[in-house]
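A.B. asks: heads up, no residue letters with this:
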């Protein structure tokens, strides 16, 4: 069993921002991780409220992680993996520490771990401080500068991980701090962290786990073969015993039958002898009764009557001939390639798909030739092109797509110039969604392995966008991405992973910057009131 030591602060300990109590092991991420990893791992929670990487907190004694990392490792030896999730408390105002200083202290902690144990290390960059922390109960410890610094921790931590040979995970891409105190994690965020940690741990031990799985499978197969061999041996012995018992029974039956025949023969001989004596006695008595006239006794034989029974039998032969319709030619039908395309399987673009794509290009060519005075005609063309269209759609020409028939848009959808939707899989867009210019949505995927890709095989993954979403110009949305409701995507972003509800995200790759808060709502309602 592999032992995983989780060395962190209050978000590892499991501090609840709601009531200040500690989450149970069914909620805090080390406890959930222990359950997710199964019986091949033991996860140890060594989180402590207020723990720093290397600073002595004047308001909390014993929270300097550099002072107790060695004793912690010694207490739990042997350890196979150490997960260090620290850095948030080092940002406190009175430490006046930059992200670079915190990262340098973290490097020294990793060196201590490596001198004490051969365990592997995961450096976890913590979740970002909430945008409103300066207005939270923690405002005396964290201000606007600390919020900005929290965005800079991940690059420095990742650099340290590479230098010391550790693995790295950016939890700002996984979980978000609560709106309660803008620092601690709610239960659902603990679950996300546990899932991300599970994936990282399994990746680190992938070769060992694969080898163990092979060895276990080989042992299982050997045991199964031995069991089958034992069963075959037992079955062979049983059948041999049954054959021997059958042979003995047949021999005993034969001997009994032979003895019965001998007895029957003796009894028949005795009866014949008795019958002969009886006949002779009757002859003597008959002769005595007819002393004067000796009559010749003739043996009278019985007349055998032969009866011949004739049975008439009518024979009828019924013949039936049937014909079978032969349908279908060899190979895949055209419809099956489209079905495979829409179900995410490998497919090849056949004549039917090429025909549908050509029809879509005819419609888009007409659409792109329309003017702003032809809005009803544009709406009619979009209804012909798309799978489903909501109320008052508006797409600025030019617009391009693969098929159109796999695109669904909700009410009041707007797309600016040069929008491209490659809809080899379904593209589903909700209500009140607005696109800037040159927004590209891709569902088409191509195999990584070149020999398969060179055979013109491809596959596709569905893209969904929720309600009330604004996507800036030059944004690329990759296959399989799901964007939630009430989301803003900054211009120029490349969205490679799912984006949850109610956030602002941007970058390449696209990352969550902050939540859309009540403060945003209040500000923009005030601005609207000035109109």
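C.D. replies: In hand now; what should we look at? Please read these numbers as outputs of a predicted model, since none were measured by experiment. Residues are numbered from 1 along each chain as shown.

A.B. asks: Do I have it right that residue 345 meets residue 459?
C.D. replies: Yes: between residue 345 and residue 459 a contact is recorded at 6.3 Å, counting by C-beta atoms under 8 Å. C-beta: built from backbone N, CA, C; applies to glycine.

A.B. asks: Of those two, which one has the most company?
C.D. replies: More neighbours surround residue 459 than the other of residue 345 and residue 459, with 19 against 13 (other C-beta atoms under 10 Å).

A.B. asks: Check which helix or strand the more buried one maps to.
C.D. replies: In this assignment (DSSP states H and E), residue 459 forms part of strand 459-460.

A.B. asks: any idea of the mean pLDDT for stretch 396-405?
C.D. replies: The pLDDT scores in stretch 396-405 average 97.

A.B. asks: for that stretch, how far is the first residue from the last?
C.D. replies: Terminal residues of stretch 396-405 are spaced 19 Å apart (C-alpha to C-alpha, to the nearest Å).

A.B. asks: residues in contact with stretch 440-454?
C.D. replies: Contact with stretch 440-454 is made by 346, 402, 406, 419-427, 457-463, 475-480, as judged by C-beta atoms under 8 Å, 6 or more residues apart in numbering.

A.B. asks: An error on my part: the question was meant for stretch 149-159.
C.D. replies: With contact meaning C-beta under 8 Å, 6+ apart, stretch 149-159 is reached by 87-88, 91, 98-100, 102-103, 106, 123-126, 128-129, 168, 170, 172.

A.B. asks: let's go with 10 Å and repeat that
C.D. replies: Stretch 149-159 is contacted from outside by 84, 86-88, 90-91, 97-104, 106-107, 123-130, 133, 142-143, 166, 168-173, 177, 183, 511, 513-514, using C-beta atoms under 10 Å, 6 or more residues apart in numbering.

A.B. asks: what pairs with residue 347 across the strands?
C.D. replies: Counting by DSSP bridges, residue 347 forms beta bridges with residue 458.

A.B. asks: OK, contacts around it?
C.D. replies: Neighbours of residue 347 in contact, by C-beta under 10 Å, 6+ apart: 332, 336-341, 353, 424, 456-460.

A.B. asks: how much space between residue 345 and residue 18?
C.D. replies: 46 Å (C-beta to C-beta, to the nearest Å).

A.B. asks: let me fix that: residue 64
C.D. replies: 28 Å.

A.B. asks: So those two - more neighbours on which side?
C.D. replies: residue 64 (17 against 11).

A.B. asks: So that one sits against residue 55, correct?
C.D. replies: Yes: using C-beta atoms under 10 Å, residue 64 is in contact with residue 55, at 6.4 Å.

A.B. asks: Next, residue 530: phi, psi?
C.D. replies: Dihedral angles of residue 530 (phi, psi; degrees, to the nearest 10) stand at phi -80, psi -10.

A.B. asks: how deep is it tucked in, by neighbour count?
C.D. replies: 5.

A.B. asks: what's the answer for residue 216, then?
C.D. replies: Look at residue 216: counted by other C-beta under 10 Å, it has 10 neighbours.

A.B. asks: Repeat that for residue 339.
C.D. replies: A total of 12 residues lie near residue 339 under the criterion other C-beta under 10 Å.

A.B. asks: cool, the one 3 residues further on as well?
C.D. replies: Residue crowding around residue 342 was assessed by other C-beta under 10 Å; the count is 17.

A.B. asks: dump the residue contacts of the closest residue in space to it that isn't next to it in sequence.
C.D. replies: With C-beta to C-beta, 6 or more residues apart in numbering as the measure, residue 425 is the residue that lies nearest to residue 342, at 6.4 Å, once sequence neighbours are left out. For residue 425, the contact set (C-beta under 10 Å, 6+ apart) comprises 341-344, 402, 406, 442-445, 459-463, 479-480.

A.B. asks: Which of those residues are buried? Put it as a PyMOL command.
C.D. replies: Selecting only the buried entries of the contacts of residue 425 in PyMOL, with 16 or more other C-beta atoms under 10 Å as the criterion:
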select buried, resi 341+342+344+402+406+442+443+445+459+460+461+462+463+479+480
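
A.B. asks: List the contacts of residue 473.
C.D. replies: Neighbour list for residue 473: 416, 417, 418, 435, 436, 437, 438, 439, 490, 491, 492 [criterion: C-beta under 10 Å, 6+ apart].

A.B. asks: I'd like to know which of the residues you listed are buried.
C.D. replies: Buried members of these, scored by 16+ other C-beta under 10 Å, are 416, 418, 435, 436, 438, 439, 490, 492.

A.B. asks: next one: phi and psi at the fourth one?
C.D. replies: The one in question is residue 436. phi -80, psi -180.

A.B. asks: Would you agree it is in contact with residue 471?
C.D. replies: Yes: Residue 436 lies in contact with residue 471 (C-beta under 10 Å); the separation is 6.4 Å.

A.B. asks: Need the overlap of contacts for those two.
C.D. replies: Residues touching both residue 436 and residue 471 comprise 415, 416, 419, 489, 490, 491, with contact defined as C-beta under 10 Å, 6+ apart.

A.B. asks: quick one: average confidence on the helix or strand hosting residue 202?
C.D. replies: Taking DSSP H and E as the definition, one finds residue 202 inside helix 187-204. Averaged across helix 187-204, the pLDDT comes to 96.

A.B. asks: circling back: which ones among the shared contacts of residue 436 and residue 471 map onto strands?
C.D. replies: 415, 419, 489 (DSSP state E).

A.B. asks: From the residues you listed, pick the one nearest residue 72.
C.D. replies: The closest of these to residue 72 turns out to be residue 489 (C-beta to C-beta; 42.0 Å).

A.B. asks: OK, contacts around that closest one?
C.D. replies: Contacts of residue 489 by C-beta under 10 Å, 6+ apart are 435-436, 439, 465, 469-472, 475, 477, 483, 495, 499, 503-507, 510.

A.B. asks: Report the beta-bridge partners for it.
C.D. replies: residue 471, residue 505.

A.B. asks: quick one: strands adjacent to the strand holding residue 459?
C.D. replies: Assessed with DSSP bridges, strand 459-460 is paired to strand 444-445 (antiparallel).

A.B. asks: Name the next helix or strand downstream of the strand it pairs with, please.
C.D. replies: helix 450-453.

A.B. asks: low-confidence ranges in the stretch 51-200 of the chain?
C.D. replies: Nowhere does the stretch 51-200 of the chain drop to pLDDT under 70.

A.B. asks: And the helices in the protein, which stretches?
C.D. replies: Along the chain, counting by DSSP state H, helices occupy 10-13, 29-37, 65-76, 99-116, 144-164, 187-204, 206-289, 334-342, 351-368, 375-385, 450-453, 518-529.

A.B. asks: correct me, but residue 134 touches residue 183?
C.D. replies: No: assessed by C-beta under 10 Å, residue 134 is found out of contact with residue 183, at 11.7 Å.

A.B. asks: Which one's more surrounded, those two?
C.D. replies: residue 183 (26 against 17).

A.B. asks: hang on, the earlier thing: distance to residue 396 added to the helices of the chain, as TSV?
C.D. replies: Converted to TSV, these look like this (distance: least, C-beta to C-beta, whole Å):
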stretch	distance to residue 396
helix 10-13	46
helix 29-37	46
helix 65-76	55
helix 99-116	43
helix 144-164	35
helix 187-204	38
helix 206-289	48
helix 334-342	28
helix 351-368	10
helix 375-385	10
helix 450-453	34
helix 518-529	25
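
A.B. asks: which of those helices is buried the deepest?
C.D. replies: Comparing those by mean neighbour count (mean count of other C-beta atoms under 10 Å), helix 10-13 ranks first with a mean of 24.

A.B. asks: Which strands or helices does that one pack on?
C.D. replies: helix 29-37, strand 41-47, strand 81-85, helix 187-204 (3 or more C-beta pairs under 10 Å, 6 or more residues apart in numbering; DSSP states H and E).

A.B. asks: Thanks a lot, see you next time.
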